[in-house]
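1. Have a look at this fold, sequence not included:
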């Protein structure tokens, strides 16, 4: 655990890989600690422990929804709120849903979409596509503003992170 860092947990390899690409500078500088959880439930457990036992530390989780319906997504949000309701600082945690998945978030950057469309040979797996995007992102930052315009949950995550990176103080 890094003191004064934001804990961000992603549920699964592709979520974690996308978060690593999107927030590489903040992770490298120690402002964000990325927990590479293997499943959504393990990521939630990490966030739940953090919120309950280290309530001053901001914590966020990102979960793919895949093909969940709007009703199922809202049920997921309600379940997260119920399980985290005991947190001392209610404004110090966030659960963001990547609808349908975190890969869609990163593809909302027009330059990424164009680069992926031009890849030759085309990636044969999602992992390969994300690995290539990761290499590209080392030379060109990802447009998080474009992603925030396209996905409200990403906007909420990005605003949550930006507000805590600046202050590193809990929001009561």
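-> All right, it came through fine. What you are looking at is a predicted structure, and each value in this text was computed from that prediction instead of being measured.
2. Only C-alpha atoms from now on, for both contacts and neighbour counts.
-> Noted.
3. Hmm, residue 107 is touching residue 115, no?
-> No: judged on CA atoms under 8 Å, residue 107 makes no contact with residue 115 at a distance of 9.8 Å.
4. Between those two, tell me which one has more neighbours.
-> Comparing residue 107 with residue 115 by neighbour count (other CA atoms under 10 Å), the higher total belongs to residue 107, at 19 against 14.
5. Model confidence for the more buried one, exactly?
-> We have a pLDDT of 96 for residue 107.
6. Next: residue 69.
-> At residue 69, pLDDT is 87.
7. OK, contacts around residue 105?
-> 98, 147, 150-151, 154 (CA atoms under 8 Å, 6 or more residues apart in numbering).
8. Which strand or helix spans the spatially most central residue of the chain?
-> With distances taken as CA atoms, centre = their mean, residue 62 lies nearest the centre of the chain, 4.4 Å away. Assigned by DSSP states H and E, residue 62 belongs to strand 59-64.
9. which residues are contacting that strand?
-> Contacts for strand 59-64 (CA under 8 Å, 6+ apart): 6-11, 15, 40, 43-44, 47, 50-51, 92-102, 157.
10. so of those residues, which ones are in helices?
-> For the contacts of strand 59-64, the ones inside helices are 15, 40, 43-44, 47, 50-51, 102, 157, with DSSP state H as the criterion.
11. can you give me the strands for the chain?
-> 6-11, 32-37, 59-64, 93-98 (DSSP state E).
12. Show me the shaky parts of the protein.
-> Across the chain, the ranges flagged by pLDDT under 70 are 1-3, 87-89, 166-172.
13. what sits against the nearest residue to residue 80 once chain neighbours are set aside?
-> Distances taken as CA to CA, 6 or more residues apart in numbering put residue 95 closest to residue 80, at 7.4 Å, once the chain neighbours are dropped. Taking CA under 8 Å, 6+ apart, we find residue 95 in contact with 60-63, 77, 80, 157.
14. picking up where we left off before, what's the ChimeraX line that selects buried ones from the contacts of strand 59-64?
-> The ChimeraX command for the buried members of the contacts of strand 59-64 (criterion: 16 or more other CA atoms under 10 Å) is given here:
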select :6,7,8,9,10,11,15,40,43,44,47,50,51,92,93,94,95,96,97,98,99,101,102,157
